[in-house]
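1. just coords:
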């Protein structure tokens, strides 16, 4: 017969026993002994038998469709495939084209009806074996991931296979740092990708091939081998916690049998902080994540290859709720200036809203003055804390009444919580109402506990807040040391600027991003609370106060 030789080796098998060379020798000897004519051969190296999307199998399909072969010779049926259903379907396809499968070591022939039962059992056992191996490999991998495991590090790092150390590659790390810096300067994902491609900087796949010998998949289009950047590649780097030293394992699960990838819930992932040397500071990384979220929610866009305007996405019309658009203006020999106007006015005319027009330099001046005001306030408060502590110490004895009052209130809310739980069980139809009441109780309990903790541990609290305030003063000094606020720091500080317009002119409400102001509660001799001063810190994730500025 005209026969085709097929042999396969998967990753988890005994290389010496099932080596491709050993398999081929067995097949050639069998074909020669039985006087078959070998018309060709194909193989798959390091490929699972649980799927049939294989290069070696595809060549068999081509030969079958051309009626070029009469039989396929394999060492055993598991070489053809281990998935019982897909293997059976493939054998049926071959039978429809009068092509037999000959298993050398098992002495099986798919054209022999007496072998059908054995072939069926072999398929079942091969399938079970593959699934069992997959389960064991997965369990072993999970154990590694619990301790922290890096298989292939991202751009900027190299894993030494001998020591398993993850090292920084400075030449590549500079590319990563530049991406973060460019994004903070206002460039978007596509703009950064376009600039890198114009400069001839290769994508991460190129450097992985250099360091690790990792090639692109054979299914990639020709343009992929030019190693070009795209917006997805830039975004992936900007959102990767690996660059601040955090390794998160067990994020996805890829079923090697069904080839379905699933995301694993965050609470089941294994997070290892400070696991590798960071390339990016945590503060810069968090700022970038914040800017990404801001640009997404504000639908910030820029012209091709250019950074977005300073206040794009930060301005909102207080009268109609529209965003603002940037308009470039230049008269004769005067320098170019940028103005911002209400988008509703710009697109739909004065019948719908007024212009709310404001110059970018005026905005810069107002925001800068606001930061100076905060700095001066912070300095005054910082220097006044010691005298406030002395006031506290004088009336410390009178606070015991307040502590007892808070304890009584706490017990009452805990009692309320239990009663609401019982009522929810009795009145299931109105469970949602009781859930809201429980949430309110929980908030009150949390607040009371925090207030008690602040009073009882006052000395530690004041030292901590004083330290935080000093850090904030230093941070503001650093931001304004050049006499202006950079694009990155602007978006770090400002969450939104709402602009109103009336007969008197514009009124600006600047909402800052950070919680620069918090109230420390000081109690008087009657146990009543009052805000003696505001504490300023640099805890960025919380919302900041609002300051009204007229201009």
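-> Now that the structure is in, tell me what you want to look at. Quantities reported herein were computed from a predicted structural model and do not represent experimental measurements. Numbers count the residues shown, from 1 in each chain.

2. Check which helices and strands whichever strand or helix holds residue 197 sits against.
-> Here residue 197 sits within helix 189-199, counting by DSSP states H and E. For helix 189-199, the packing partners by 3 or more CB pairs under 8 Å, 6 or more residues apart in numbering; DSSP states H and E come out as helix 170-184, helix 231-238. For the C-beta atoms, the positions are set from N, CA and C on the backbone; glycine is no exception.

3. Pipe the ones you listed into JSON lines and attach distance to residue 154 and mean neighbour count per row.
-> What follows is the helices and strands packed on helix 189-199, written out as JSON lines (distance: least, CB to CB, whole Å; neighbours: other CB atoms under 10 Å):
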{"stretch": "helix 170-184", "distance to residue 154": "8", "mean neighbour count": "18"}
{"stretch": "helix 231-238", "distance to residue 154": "7", "mean neighbour count": "18"}
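
4. got CSV for the ones you listed, with mean pLDDT and distance to residue 358 too?
-> Converted to CSV, the helices and strands packed on helix 189-199 look like this (pLDDT from 0 to 100; distance: least, CB to CB, whole Å):
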stretch, mean pLDDT, distance to residue 358
helix 170-184, 92, 24
helix 231-238, 92, 31
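
5. before we move on, back to that, after the helix holding residue 197, next one along is what?
-> Using DSSP H and E, the first helix or strand after helix 189-199 is helix 204-212.

6. mind listing what's buried in that next one?
-> Buried residues in helix 204-212, counted by 16 or more other CB atoms under 10 Å: 204, 205, 206, 207, 208, 211.

7. Please enumerate residues in contact with it?
-> Helix 204-212 is contacted by residues 152, 154-155, 158, 169, 172, 214-216, 224, 227, 233, 237 when judged by CB atoms under 8 Å, 6 or more residues apart in numbering.

8. Just the buried ones among those residues, please.
-> 154, 155, 158, 169, 172, 227, 233, 237.

9. and those residues, which two are the farthest apart?
-> 158 and 233 (18.8 Å; CB to CB).

10. Closest one to residue 359 out of the buried ones among the contacts of helix 204-212, please.
-> residue 237 (35.6 Å).

11. Run through the residues that contact the most centrally placed residue in the chain.
-> Nearest to the mean C-alpha position of the chain, by CA atoms, centre = their mean, lies residue 239 at 4.8 Å. For residue 239, the contacting residues are 289, 292, by CB under 8 Å, 6+ apart.

12. Let's see that with 7 Å instead.
-> residue 289 (CB atoms under 7 Å, 6 or more residues apart in numbering).

13. so where's the stretch 301-450 of the chain uncertain?
-> In the predicted model of the stretch 301-450 of the chain, residues 301-307, 386-400 satisfy pLDDT under 70.

14. And the strands in it?
-> Ranges of strands in the stretch 301-450 of the chain, per DSSP state E, counting those that start in this stretch, are 315-317, 324-329, 337-342, 358-359.

15. List of residues touching the third one?
-> By CB under 7 Å, 6+ apart, the list of residues contacting strand 337-342 from outside reads 309, 311, 315, 317, 320, 322, 324-329, 353-360.

16. and the residues you listed, which are buried?
-> When those are checked for burial by 16+ other CB under 10 Å, the buried set is 309, 311, 315, 317, 322, 324-326, 353-358.

17. mind giving me JSON lines with those residues and columns for distance to residue 116?
-> Formatted as JSON lines, the buried ones among the contacts of strand 337-342 follow (distance: CB to CB, whole Å):
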{"residue": "309", "distance to residue 116": "73"}
{"residue": "311", "distance to residue 116": "75"}
{"residue": "315", "distance to residue 116": "75"}
{"residue": "317", "distance to residue 116": "76"}
{"residue": "322", "distance to residue 116": "73"}
{"residue": "324", "distance to residue 116": "75"}
{"residue": "325", "distance to residue 116": "73"}
{"residue": "326", "distance to residue 116": "74"}
{"residue": "353", "distance to residue 116": "79"}
{"residue": "354", "distance to residue 116": "84"}
{"residue": "355", "distance to residue 116": "83"}
{"residue": "356", "distance to residue 116": "81"}
{"residue": "357", "distance to residue 116": "84"}
{"residue": "358", "distance to residue 116": "83"}
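
18. out of the residues you listed, who's nearest residue 31?
-> Using CB to CB, those come closest to residue 31 at residue 309, 72.8 Å.

19. now the closest one, nearest residue through space, not along the chain?
-> Excluding the flanking residues, the one nearest residue 309 by CB to CB, 6 or more residues apart in numbering is residue 326, at 4.0 Å.

20. Isn't the one you found up against residue 308?
-> No. The pair residue 326 / residue 308 is not scored as a contact, 8.5 Å apart, by CB atoms under 7 Å.

21. need the helices for the stretch 401-550 of the chain, in chain order.
-> Secondary structure of the stretch 401-550 of the chain by DSSP state H, counting those that start in this stretch: the helices cover 431-456, 458-480, 487-493.

22. wait, which of the ones you listed is closest to residue 75?
-> Counting by CB to CB, residue 75 lies closest to helix 487-493 out of the helices of the stretch 401-550 of the chain; the figure is 62.1 Å.

23. Check the burial of residue 497 by counting its neighbours.
-> 22 (other CB atoms under 10 Å).

24. now swap in the one 4 residues further on and tell me
-> Per other CB under 10 Å, the neighbour tally for residue 501 reads 19.

25. start at 272 instead
-> Got it, the first residue is 272 from now on, which makes the last one we talked about residue 772.

26. Model confidence score at it, please.
-> Listed pLDDT for residue 772 reads 90.

27. For residue 376, list the residues it contacts.
-> Contact partners of residue 376, counting by CB under 7 Å, 6+ apart, are 346, 347.

28. what about residue 409, which helix or strand?
-> With DSSP H and E as the criterion, residue 409 is inside helix 387-418.

29. which secondary structure elements does that helix contact?
-> Here helix 387-418 touches helix 348-351, helix 355-367, going by 3 or more CB pairs under 7 Å, 6 or more residues apart in numbering; DSSP states H and E.

30. Just the mean pLDDT for that helix, thanks.
-> In this model, helix 387-418 has an average pLDDT of 78.

31. so it versus helix 355-367, what angle?
-> Per axes from the mean of the first three to the mean of the last three CA atoms, to 10 degrees, the angle that helix 387-418 makes with helix 355-367 is 140 degrees.

32. Report the distance from whichever helix or strand comes after helix 387-418 to the chain centre.
-> Sequence-wise, the next helix or strand downstream of helix 387-418 (DSSP H and E) is strand 428-430. On the basis of CA atoms, centre = their mean, to the nearest Å, strand 428-430 sits 20 Å off its chain's mean C-alpha point.

33. Give me the contact list for strand 428-430.
-> With CB under 7 Å, 6+ apart, strand 428-430 has contacts from 421, 424, 437, 438, 439, 440, 482, 547.

34. partners of it, with directions?
-> If you go by DSSP bridges, strand 428-430 pairs up with strand 437-439 (antiparallel).

35. and the partner strand, which residues are buried?
-> Quick answer for strand 437-439 (16+ other CB under 10 Å): 437, 439.

36. again with stretch 706-720
-> 708, 712, 715, 716, 719.

37. Closest one of these to residue 618?
-> residue 708 (46.1 Å).

38. sorry, back to before: and the gap between the residue nearest to the centre of the chain and residue 531?
-> To residue 531, residue 510 is 24 Å away according to CB to CB, to the nearest Å.

39. And for residue 291?
-> The value you get for residue 291 to residue 531, if CB to CB is used, is 29 Å.

40. Of these two, which one has the most company?
-> Ranked by neighbour count (other CB under 10 Å), residue 291 and residue 531 place residue 291 first, with 15 against 9.
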